[in-house]
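*Asks:* can you look at this prediction? I've put the sequence above it.
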Amino acid sequence: MIYVDADACPVKAEVEQVATRHKVSVKLVCNGGIRPSANPLVELVVVDAGPDVADMWIAERAGPGDVVITTDIPLAAKVVEAGAQVLKPNGEPLTQANIGNALATRDLMYDLRAADPFRQGGGKGFAKSDRSRFLNALDQALRR
């Protein structure tokens, strides 16, 4: 099973493409506003609005053999602990080996933004190479 934290996911179409090729079911979990797919392998799960409701839904279900697509580091930590594989939309895997560092970096950046209200977001944009790297990473994850 592939679980997608779908509200702001830029690779939903790529997930569907790879999942169809491998004949793997997908659950797109969101608070609404996403069109359902005609693909019988893809199910749209609309959860109640609220902070982290979609994340909690995924965390309660994902486990060994599943792949979770998310940029949410706390969600990734929960599902990695449960035995699921995690990929960010740029193809970067989050694993037992690097999730602690990712959590620490997230917390540090949160503190820096809180200390300087004029600090603007940032981060690099989503590039075509990220999409390609994601496709390869998801294909490999499903082969495992």
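*Replies:* Alright, I've got the coordinates.

*Asks:* how about the strands of the protein, start to end?
*Replies:* Ranges of strands within the chain are 2-5, 26-30, 42-46, 67-69, 85-87, 93-94, based on DSSP state E.

*Asks:* partners of the second one in the sheet?
*Replies:* Same thing as strand 26-30. strand 2-5 (parallel), strand 42-46 (parallel) (DSSP bridges).

*Asks:* contacts for it?
*Replies:* The contact list for strand 26-30, computed with C-beta atoms under 8 Å, 6 or more residues apart in numbering, reads 1-7, 9, 12, 15-16, 19, 34, 37, 41-47, 54, 57-58. Heads up, the C-betas are built off the backbone N, CA and C, glycines and all.

*Asks:* just put the strands of the chain in JSON lines and tack on mean neighbour count and distance to L142.
*Replies:* JSON lines is the format used below for the strands of the chain (neighbours: other C-beta atoms under 10 Å; distance: least, C-beta to C-beta, whole Å):
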{"stretch": "strand 2-5", "mean neighbour count": "26", "distance to L142": "8"}
{"stretch": "strand 26-30", "mean neighbour count": "22", "distance to L142": "11"}
{"stretch": "strand 42-46", "mean neighbour count": "16", "distance to L142": "15"}
{"stretch": "strand 67-69", "mean neighbour count": "27", "distance to L142": "7"}
{"stretch": "strand 85-87", "mean neighbour count": "25", "distance to L142": "9"}
{"stretch": "strand 93-94", "mean neighbour count": "20", "distance to L142": "13"}
